[in-house]
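Visitor: could you look at this predicted model? Sequence included:
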Amino acid sequence: MKTLSLFTLTVILAIGLNARENPFEMMNTFEEETGKMIEMNENPVTPEDMQEAQYIREMQQKMSDVNKNKVNDAVNKIVPTIKENKPVQKTYSKQEVDSLLQKTKKQTEQKTKEIVKKELANTKPAEPEQIVYVKPRPDITDDDTLVAKTLLPFLKIEFSDNKLIIHTDYKVSKKFSIIKENKLIIDYKAKVNFNTKKDDLDSKNFKRITVGNHKSEGYFRVALELIDKPSNYNVSYKDDLITISKLN
């Protein structure tokens, strides 16, 4: 009987340790070991042995319940903390939404104004066309009234129905005609930068004038579209002026 009690105590300790490692698992170690013990013991099981086995089973159950309660307590403490740390999605009132929309609208308008301002700063203003009426020059024998136009800062023309005068400080480098197109072409030596300029002329014998930029080649070109063939016009040079007159 002493041998049996010592062995039984060893089994209780082993069961207790195993229950701490896994408190949720019901242990059948005692039943298994008790069966082995009965098989090894030649003496029949006494009522004391059965009572002792019952006591051990109850102790095992109590230890398992205690460990379950500890685990449940720990879970109950952790779950509220997890819920508290969960981020809460912010909601906005109608007034807050309207305020955000108004702020975004103002920022968009400000950016648009800045873009327009930059574009205007990078865009060169168009030079106003100047049209004036001048008195007839002393060297003009007819009674035609000349109309003056400033096409570019360095180029001005005067024209009537029968004459057209070109004013510029640059020297002529070449003059030729395009008979099929009724054009008179005059090139001037210059390295100036400008956009192509076209102007319709209110004249009976001069249709249109075009000034083109050829800065890379070192000249700009004046193309004068005529109503008649170029051979029916006279071109003369005097005091850096070019005068084109319609022949009778």
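Guide: Structure received. Here the structure is a predicted model, which is why all the values come from computation and not from measurement.
Visitor: please make it C-alpha for all contacts and neighbour counts, starting now.
Guide: OK.
Visitor: okay, now N205: neighbour count?
Guide: Other residues near N205 come to 20 when the count uses other Cα atoms under 10 Å.
Visitor: now swap in K149 and tell me
Guide: 19.
Visitor: for I186, what are its contacts?
Guide: 172-176, 221-223 (Cα atoms under 8 Å, 6 or more residues apart in numbering).
Visitor: please report how far it lies from Q110.
Guide: 50 Å (Cα to Cα, to the nearest Å).
Visitor: re earlier: which one among the contacts of I186 gets closest to V192?
Guide: Closest approach between those and V192, by Cα to Cα: R221, at 11.3 Å.
Visitor: right, and the helix or strand after the helix or strand containing the closest one?
Guide: Using DSSP states H and E, R221 sits in strand 219-226. Later in the chain than strand 219-226, the nearest helix or strand by DSSP H and E is strand 233-238.
Visitor: next helix or strand past that next one?
Guide: strand 241-246.
Visitor: just to revisit the earlier point, for the contacts of I186, please prepare a markdown table with the additional fields neighbour count and distance to F154.
Guide: Formatted as a markdown table, the contacts of I186 follow (neighbours: other Cα atoms under 10 Å; distance: Cα to Cα, whole Å):
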| residue | neighbour count | distance to F154 |
| --- | --- | --- |
| V172 | 19 | 14 |
| S173 | 13 | 16 |
| K174 | 12 | 18 |
| K175 | 13 | 19 |
| F176 | 12 | 22 |
| R221 | 21 | 13 |
| V222 | 20 | 13 |
| A223 | 19 | 16 |
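Visitor: could you dump these to CSV with distance to Q95 and pLDDT?
Guide: CSV is the format used below for the contacts of I186 (distance: Cα to Cα, whole Å; pLDDT from 0 to 100):
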residue, distance to Q95, pLDDT
V172, 74, 92
S173, 74, 90
K174, 75, 91
K175, 76, 92
F176, 76, 94
R221, 66, 95
V222, 66, 96
A223, 67, 96
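Visitor: alright, that wraps it up for me.
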